[in-house]
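A.B. asks: Return a 3D structure for these sequence lines:
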Amino acid sequence: MKNLWFKYYSLLLSYPSKDWLYELENIERYLEKEKNDFFKFSQFFKNFSLQELQEEYTNLFISSFPTLPCPPYEAYYREGLLLGETSQEVLDYYEKTGFQFFKEGEAPDHIAVELEFCALTEDLTFIKRIKNWFNDLKECVEKSSQIYSKIVKFISEELKKWE
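C.D. replies: Here you go, the predicted model:
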């Protein structure tokens with residue numbers, strides 16, 4: 001079931017689309033069998049239009065003038081830049097474990113990609129790696145977005161239980 005939780009976390013931090021919401025709802029149906037009292041984000045997202053969710057995601061994680069509030073990349077929080085040595089380190093780690101990374105237009109150290117990797121591999125070492133930088137992203141998001149602050153708080157609490 002761990003892999004389904006990590007898929008869920010990954011989706012929560014992926015770009016919103018109609019298919020995205022449908023996939024969240026499907027995963028929640030399975031997850032509630034294990035834990036029926038968890039917060040269902042698909043219901044929360046229905047309070048917003050798809051366009052509002054996409055704009056919020058874009059402004060927070062993709063582009064915003066004059067600076068991007070919260071880059072969702074591990075390299076940014078470890079080195080202060082995008083596509084740094086950390087990005088290559090993550091890509092090398094994927095390759096060592098037999099994971100062939102390809103997500104068009106996305107760096108290997110994007111938080112949604114890293115969480116997806118954990119969904120596919122359940123790699124405890126990599127989960128610890130995410131934990132080491134996720135709180136920095138969480139703090140940034142909490143200052144910048146009411147919508148996404150709920151998500152990062154949830155994921156931060158969830159990550160604590162995966163040792």
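
A.B. asks: CA atoms only for the longest helix along the chain, dumped as CSV, please.
C.D. replies: Secondary structure of the chain read by DSSP state H shows that its longest helix is helix 124-144. This file holds the C-alpha atoms of helix 124-144, laid out as CSV (Å, rounded to 0.1, in the frame of the first residue of the first chain):
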residue,chain,number,x,y,z
LEU,A,124,13.6,3.8,2.0
THR,A,125,16.9,5.5,1.4
PHE,A,126,15.4,7.8,-1.2
ILE,A,127,12.4,8.5,1.1
LYS,A,128,14.9,9.7,3.8
ARG,A,129,16.5,11.9,1.1
ILE,A,130,13.2,13.6,0.4
LYS,A,131,12.6,14.1,4.1
ASN,A,132,15.9,15.9,4.4
TRP,A,133,14.8,18.8,2.1
PHE,A,134,11.0,18.6,2.0
ASN,A,135,10.5,20.9,5.0
ASP,A,136,12.3,23.7,3.3
LEU,A,137,9.8,23.4,0.4
LYS,A,138,6.9,23.1,2.9
GLU,A,139,7.9,26.3,4.7
CYS,A,140,8.1,28.2,1.4
VAL,A,141,4.7,26.9,0.2
GLU,A,142,3.1,27.7,3.6
LYS,A,143,4.0,31.4,3.1
SER,A,144,2.9,31.5,-0.5
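
A.B. asks: residues of the following helix or strand past it that come out buried?
C.D. replies: The first helix or strand that comes after helix 124-144 along the chain, using DSSP states H and E, is helix 146-160. Buried positions in helix 146-160, judged by neighbour count with 16 or more other CB atoms under 10 Å: 147-152, 154-156, 159. The way it works is simple: take the backbone N, C-alpha and C, and place the C-beta from them, glycine included.

A.B. asks: Check those residues and tell me the two furthest apart.
C.D. replies: With distances taken as CB to CB, the most widely separated pair in these is Ile147 and Leu159, at 19.6 Å.

A.B. asks: Spatially nearest residue to Cys118, not counting backbone neighbours?
C.D. replies: Sequence neighbours aside, Phe6 is the residue nearest to Cys118 in space, at 4.2 Å (criterion: CB to CB, 6 or more residues apart in numbering).
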